[in-house]
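Undergrad: My questions concern the predicted model and sequence given below.
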2 protein chains.
Amino acid sequence: MIPETVRIPFDQLHAELARILRQKGFSPERAGASARLFAETTRDGVYSHGVNRFPRFLEYLDKGYVVPEATPVQTGSLGALEQWDGQRGPGNLNAWFCTERAVALARQHGMGGVALRNTNHWMRGGTYGWQAADAGCIGICFTNTIPNLPPWGGKDARLGNNPLVVAIPREGGHVVLDTAMSLYSYGKMEGHAQAGTQLPYEGGFDTAGNLTRDPNEILKAGRPLPIGYWKGSGLSLALDLMAAVLSQGLGTAAIGGLGTEYQVSQVFICLDVSSPAHFGERQSIVDAALDFMHGAAPASPGESVYYPGEKTLRTRHENQTRGIPVELKLWQDLQQL
Amino acid sequence: MIPETVRIPFDQLHAELARILRQKGFSPERAGASARLFAETTRDGVYSHGVNRFPRFLEYLDKGYVVPEATPVQTGSLGALEQWDGQRGPGNLNAWFCTERAVALARQHGMGGVALRNTNHWMRGGTYGWQAADAGCIGICFTNTIPNLPPWGGKDARLGNNPLVVAIPREGGHVVLDTAMSLYSYGKMEGHAQAGTQLPYEGGFDTAGNLTRDPNEILKAGRPLPIGYWKGSGLSLALDLMAAVLSQGLGTAAIGGLGTEYQVSQVFICLDVSSPAHFGERQSIVDAALDFMHGAAPASPGESVYYPGEKTLRTRHENQTRGIPVELKLWQDLQQL
């Protein structure tokens, strides 16, 4: 059942995706930038939001949800905090732009924030964490989504899974957390359902209201589990409220009314920790924490402790060396476009 | 097994705690302020970090971990972001001070952050969320702790449970999330162990490495569960790194080396959303989200959906009206001091 894959060199994948985006109305420069983010996401092993997501991105372009040449417009400034309207431009380009802007504000004010409304799915959220950390900043980014997660105590989806990204810069490999507020994504559950396997841990409720590892039962009930039950439910709400209030954009409830996920709200906060005068112990503090954590006795023989982002670097290196795995059928389809 | 309680009027509880703090070397003003925070926390129903925690606070004063008259000293400024040293002063007064400072920075710059090192347990973290929201700010606050949570994939405690607070101001009742990164606190597990009851959900691993609802087994193994398994493990690490790097203070690993939880690191971020010109839709956005969430079909008959902070207001009102429940034995002990 595992689809046949081919390994494509990064430059070839990048060029192919850029070619298609130019065809869809992107300028050469913007096509290259957006395609680069898709290719890098795939290279880093986040296939679900890399090339595997590309066909749906094209569909949203065709339907007009995503406007290729639209760029963010500033709607408000309070000094270190700014408000922008994404004009329904490509989500990854908008998010990249706003992270750059938050970095610039952080350089000026120590910390900076950009609240972005009326934008599109940012694809891999971790991208903007790596970006902030590469600039010597701590990054805190989050987005809201369509309703896809029942609140604790309720049955139907009234919250988003609202991914949260936190990045801390570190020589030798940044710490980059990229986590949705649901324990398992719909994509992950569908993958297990197709493979006929149970989830590793209880991932939601069945229609009878019992916790289950059976992805089919959870999908049937539409009741995936928030991380930490009531805790993730509350955090999901808080992220949505912050994104919508700060940007004065749509909240999850209103996005649900659109029927399709677009016009979402996002926040990008950067804290500049690049100054040795103020943050001289940065590297030693982070290294000490990682060493301490890595030193934990394994939960079971052969198991290891990883920091968020650690496996990404390995996958990145492997895919850079061996080529990026792409499903053969998808690769053939893309080449036909 | 439930201890006998008495209901004490707020002013009486406040006065009693303030009297004891004056006796421990607090100035009248600071004794009143710290006692007020303990009394308000108790009034709001967070007994574990209100009056029930007071004896340990006194013990830490006696042992010199907490210095009554020490106040934060500024160690760095980057504009909207400041660094302070808490001088091991009382954790709740230090945190209150830094939240005030973050609010002031947010008024000036749109957003502001204070990173505080060398401080003490802030008691109820939610306090600073309510404080920020009362000032018309979104508040994001977090603290690190001693190692008390195994990282995902590991057996022994190498992470803190690092509580995170997020507050969004709202007329009619703020949304205030106050959540540790462990699913159940040690206090909660010990309570169930004493009562001989199982946890509502699997809260950790037993010594054989199996998930269990038995609090005794989890306590024996020392393996409480992070919220969302690997996700909460990663978020806990990220919070610790941010707190220690931004404040240039101790991380969880170093705090563990002290043997007792003091000299912790904390961060207080405020975003000023009080300006109607920039945030005119604030109330309607929040109300729409809460209405939408409240409208979810109940997970089981009679169950309800609550936003974080909703139950707090009810408890606050009840305890204000009927008096604040305090364990009789504790109340008698306090009066003897």
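TA: Received, thanks.
Undergrad: Chain B versus the residue most central in space within chain A, what's the distance?
TA: Of all residues in chain A, the one closest to the mean position by C-alpha atoms, centre = their mean is A:Gly125, 2.3 Å from it. From A:Gly125 across to chain B, the span is 13 Å (C-beta to the nearest C-beta, to the nearest Å). For glycine as for every other residue, the C-beta is placed from the backbone atoms N, C-alpha and C.
Undergrad: tell me the pLDDT at that residue?
TA: Here the pLDDT value assigned to A:Gly125 is 97.
Undergrad: Setting aside sequence neighbours, what's the nearest residue to A:Thr312?
TA: In space, and not counting its chain neighbours, A:Thr312 is closest to A:Asp44: 5.2 Å by C-beta to C-beta, 6 or more residues apart in numbering or on different chains.
Undergrad: and that neighbour, what does it touch?
TA: A:Gly50, A:Arg124, A:Gly126, A:Thr312, A:Thr315, A:Arg316, A:Asn319 (C-beta atoms under 8 Å, 6 or more residues apart in numbering or on different chains).
Undergrad: Please apply the same query to A:Glu281.
TA: Contacts of A:Glu281 (C-beta under 8 Å, 6+ apart): B:Val245, B:Gln248.
Undergrad: Check the gap between it and B:Ser247 for me.
TA: Relative to B:Ser247, A:Glu281 is positioned 10 Å away (C-beta to C-beta, to the nearest Å).
Undergrad: And A:Glu59, by the same measure?
TA: Distance check for A:Glu59 against B:Ser247: by C-beta to C-beta, it reads 46 Å.
Undergrad: Next: A:Asn52.
TA: In terms of C-beta to C-beta, A:Asn52 sits 41 Å off from B:Ser247.
Undergrad: more neighbours, those two?
TA: Remark: of A:Asn52 and B:Ser247, B:Ser247 carries more neighbours, 29 against 17, as counted by other C-beta atoms under 10 Å in any protein chain shown.
Undergrad: isn't the more buried one right next to B:Val267, touching?
TA: Yes: counting by C-beta atoms under 8 Å, B:Ser247 touches B:Val267, with 7.1 Å between them.
Undergrad: So for the two, which residues contact both of them?
TA: What both B:Ser247 and B:Val267 touch, as defined by C-beta under 8 Å, 6+ apart, is the set B:Ala115, B:Leu116.
Undergrad: pLDDT score assigned to A:Ile2?
TA: Looking at A:Ile2, the pLDDT reads 69.
Undergrad: Revised request: answer the last question for A:Thr197.
TA: 96.
Undergrad: Look up the closest residue to A:Thr127, ignoring the ones flanking it.
TA: A:Leu37 is the one closest to A:Thr127 (C-beta to C-beta, 6+ apart), at 5.9 Å.
Undergrad: Does A:Leu241 lie in a helix or a strand, and which?
TA: Using DSSP states H and E, A:Leu241 sits in helix A:230-247.
Undergrad: again with A:Glu82
TA: Going by DSSP H and E, A:Glu82 is in strand A:81-85.
Undergrad: Send me that strand as CSV with only the CA atoms.
TA: Provided in CSV are the C-alpha atoms of strand A:81-85 (Å, rounded to 0.1, in the frame of the first residue of the first chain):
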residue,chain,number,x,y,z
LEU,A,81,3.5,45.6,17.1
GLU,A,82,2.1,45.9,13.6
GLN,A,83,-1.1,44.8,11.8
TRP,A,84,-1.1,43.6,8.2
ASP,A,85,-3.7,42.4,5.8
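Undergrad: Figure out how far it is from the centre of its chain.
TA: In terms of C-alpha atoms, centre = their mean, to the nearest Å, the centre of strand A:81-85 is set 20 Å apart from its chain centre.
Undergrad: and what of stretch A:5-23?
TA: 21 Å.
Undergrad: Please point out which parts of it sit buried.
TA: Neighbour counts over stretch A:5-23 (16 or more other C-beta atoms under 10 Å in any protein chain shown) mark A:Thr5, A:Ile8, A:Phe10, A:Leu13, A:His14, A:Glu16, A:Leu17, A:Ala18, A:Arg19, A:Ile20, A:Leu21, A:Arg22 as buried.
Undergrad: Any figure for the gap between the third one and chain B?
TA: Spelled out, it's A:Phe10. Distance, A:Phe10 to chain B, using C-beta to the nearest C-beta: 27 Å.
Undergrad: one step back: now for the buried residues of stretch A:5-23, which pair is the farthest apart?
TA: Pairwise distances across these peak at 25.7 Å for A:Thr5 and A:Arg22 (criterion: C-beta to C-beta).
Undergrad: Now for chain A, the helix or strand with the poorest mean pLDDT.
TA: Ranking every helix and strand in chain A by mean pLDDT, DSSP states H and E puts helix A:186-195 at the bottom, with a mean of 91.
Undergrad: about what we covered before: where strands are concerned, which of the buried residues of stretch A:5-23 count?
TA: Members of these lying in strands (criterion: DSSP state E): A:Thr5, A:Ile8.
Undergrad: now the buried residues of stretch A:5-23 in TSV, with pLDDT?
TA: Output for the buried residues of stretch A:5-23, formatted as TSV (pLDDT from 0 to 100):
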residue	pLDDT
A:Thr5	95
A:Ile8	98
A:Phe10	98
A:Leu13	98
A:His14	98
A:Glu16	98
A:Leu17	98
A:Ala18	98
A:Arg19	98
A:Ile20	98
A:Leu21	98
A:Arg22	98
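Undergrad: pretty sure A:Gly187 is touching A:Tyr47, no?
TA: No: judged on C-beta under 8 Å, A:Gly187 makes no contact with A:Tyr47 at a distance of 9.5 Å.
Undergrad: Neighbour count: those two, which is higher?
TA: Ranked by neighbour count (other C-beta under 10 Å), A:Gly187 and A:Tyr47 place A:Tyr47 first, with 19 against 13.
Undergrad: so what's the spatially closest residue to the more buried one that is not a sequence neighbour up against?
TA: Distances taken as C-beta to C-beta, 6+ apart put A:Pro325 closest to A:Tyr47, at 7.6 Å, once the chain neighbours are dropped. Taking C-beta under 8 Å, 6+ apart as the criterion, A:Pro325 is in contact with A:Thr5, A:Val6, A:Arg7, A:Tyr47, A:Asn319.
Undergrad: Residue ranges in the stretch 201-337 of chain A under the pLDDT threshold?
TA: Along the stretch 201-337 of chain A, no part satisfies pLDDT under 70.
Undergrad: would you list every one of the helices in it?
TA: Taking DSSP state H, counting those that start in this stretch, the helices of the stretch 201-337 of chain A run over residues A:215-221, A:230-247, A:252-258, A:276-279, A:282-294, A:310-322, A:328-336.
Undergrad: Out of the contacts of A:Pro325, which comes closest to B:Gly139?
TA: Using C-beta to C-beta, A:Tyr47 comes nearest to B:Gly139 of those, at 37.1 Å.
Undergrad: any idea how far chain B is from the closest one?
TA: The gap separating A:Tyr47 from chain B is 19 Å, by C-beta to the nearest C-beta.
Undergrad: cool, A:Arg30 as well?
TA: Distance, A:Arg30 to chain B, by C-beta to the nearest C-beta: 29 Å.
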